[in-house]
Each structure stands twice: as C-alpha cells, then as structure tokens.
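K.L.:
output the structure for:
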Amino acid sequence: MKIVIIGGSGLIGSKLATRLRDAGHEVNAASPSTGVNALTGEGLKAALAGANVVVDVANSPSFEDEPALRFFDTAGRNLLAAEAEAGVAHHVALSVVGTDRLLASGYFRAKQRQEELIEASPVPWTIVQATQFFEFVAGIADGSVRGGEVRLSNALIQPMAADDVAAALAAVVAEPPARGRIEIAGPQALPLDALVRRLFAATGDKRPVVTDAGASYFGVQLDDRSLTPGNAPRLGTIRFEDWLAQRALA
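P.N.:
Residues are numbered from 1 along each chain as shown. All right, here's what the predicted structure looks like:
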C-alpha cells in the first residue's frame, strides 16, 4: 500500500514512517524539505499520485490565532482537493482530544476548522484525536511561567508518548475509514501540576511549581474534562515514569 505522510519529517511523522516501512508499505514522508508543501500546494499532485492513504500530521509553525487558522484552513483545503483528484481512499488526520472544549484558544479554533474541512470532504476519512505528548510537557511548563514560578492548574491530563501516537496511527492506517473520530491517550491520568513536578524531579529543574486552579492553559481555563478523553479511548502502553527512565538512559 502506498502511504503519504504530510509532515513526515516531524516528531510523529518520522516515527510513523519507520513503522509503516517496517510493515512493508511504500511510504512517502512528505514535507517542505522534500518539495511537498500543503500550504502552498507545491508538489502535492506528484506526491499523491497512486496513494492509497494520506496521513496528515503537519502542524502550524505558529500557535498565534490568525497564522494557525490560515495554516490549517489553506493547507487543509489544498490537501483534500489534491486527494480527491488523486482518488485517495483514506484521509487520516491527527488532531487533539478536547478540541471542541478548548475553543477559547485560537489554535484550537483552527484545529476545529481543519476537522470541519475533513468532514465536508468527499475523501473517506478518520480523525485521530490525541492527548498531549510527553515530549511537550516541558513546553507546557515553559509557557506557564509567571514571575519566576510555574503556575499550573491541577486539572487532569492524560498525556502519551510520541511512540504510542505513531503506533495508534499505524493501526488506523490499516483499518477502513471510520468517518468519525477516534480518541487516543496515555495509560494514566494525572493532575497537570503533578505531571510537571515529576518531570522537574527527573530532570533537576529547580523552578517552583505552584498549584493554581485558575491558571490558564494557553489562554483556556481547564477542568478535568478539558485534556482527557471520553469513555472509550485507545490507550498507549508507555507510562510517563517509563518514558522518563528511557530518556535518562539515552
């Protein structure tokens, strides 16, 4: 099966490409660095020729409201139109658990636009909504610094390892289009502040973590449903402690 990964050189795309190649698939890990740019349309027609499945894991280079919306709207329209012309049988897109609950953020409004375009497309589709990645926890902490303190909500979060995200996407690629959303998450839910404390303890980060129920998450007020999946997610197997230990060994 020929599979094109849009955003194929990034964190998830590169891991997914390796898994799919190991499974015997023909994989095009497409990105601007290989001459394929969904935002401008450059190289899409040639890249998608003969493709059975397209997996879109590309992300906006900016989290600001207008650039993010422009990226997901323009790239989404270009990619879906090229797929329809090429006769692609399955469009798989990586999105975020809780997108519809986080719309106070312009970035998540942009992700919702991406999902709406996919739903309206004639190309059969599956949207895979993932929780936040372990690899991004440090960035969440850095974005929550106020006056030298890391101020975080104690709302639950159920993050997952990038390796588990890639494994879940590889499984979806082998399935028929769901024409719906599949949620994926890590094996355990933790308060966000406690998660960052565990990261800091493992990495020797001495910044104080202050629990603040009113602290925003990139402009969004959180509760225990904001960053956690529904009742039937597909769960990864890698625990945060195991991931930290693996990184320490590496």
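K.L.:
pull the CA atoms of the helix or strand containing residue 182 into CSV?
P.N.:
Using DSSP states H and E, residue 182 maps to strand 181-185. Below are the C-alpha coordinates for strand 181-185, written out as CSV (Å, rounded to 0.1, in the frame of the first residue of the first chain):
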residue,chain,number,x,y,z
ARG,A,181,-13.2,10.4,15.4
ILE,A,182,-11.0,8.0,17.4
GLU,A,183,-9.5,9.2,20.7
ILE,A,184,-6.1,8.0,21.8
ALA,A,185,-4.5,8.7,25.2
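K.L.:
what's in contact with it?
P.N.:
Contact with strand 181-185 is made by 95, 97, 115, 126-131, 158-160, 164-165, 168, 172, 228-230, 232-236, as judged by C-beta atoms under 8 Å, 6 or more residues apart in numbering. Just so you know, the C-beta spots here come from the backbone N, C-alpha and C atoms, and that holds for glycine as well.
K.L.:
now that strand: average pLDDT?
P.N.:
Strand 181-185 shows a mean pLDDT of 98 in the predicted model.
K.L.:
thinking again about what came up before, quick check: strands, which of the contacts of strand 181-185 are part of them?
P.N.:
If you go by DSSP state E, the contacts of strand 181-185 have 95, 126, 127, 128, 129, 130, 234, 235 in strands.
K.L.:
list the residues that contact the second one.
P.N.:
Meaning residue 126. Applying C-beta under 8 Å, 6+ apart, we find residue 126 in contact with 90, 91, 92, 93, 172, 175, 177, 178, 179, 180, 181, 182.
K.L.:
what does the third one give?
P.N.:
The neighbours of residue 127, taking C-beta under 8 Å, 6+ apart as the test, are 92, 93, 95, 115, 118, 180, 181, 182.
K.L.:
hmm, 10 Å instead?
P.N.:
Shown in contact with residue 127 (C-beta atoms under 10 Å, 6 or more residues apart in numbering): 56, 91-95, 99, 111, 114-115, 118-119, 172, 178-183.
K.L.:
out of those, which are buried?
P.N.:
56, 91-95, 99, 111, 114-115, 118, 172, 181-183 (16 or more other C-beta atoms under 10 Å).
K.L.:
between the residues you listed, which sits nearest residue 43?
P.N.:
The closest of the buried ones among the contacts of residue 127 to residue 43 turns out to be residue 56 (C-beta to C-beta; 14.7 Å).
K.L.:
who is residue 127 paired with across the strands?
P.N.:
Counting by DSSP bridges, residue 127 is bridged to residue 93, residue 181.
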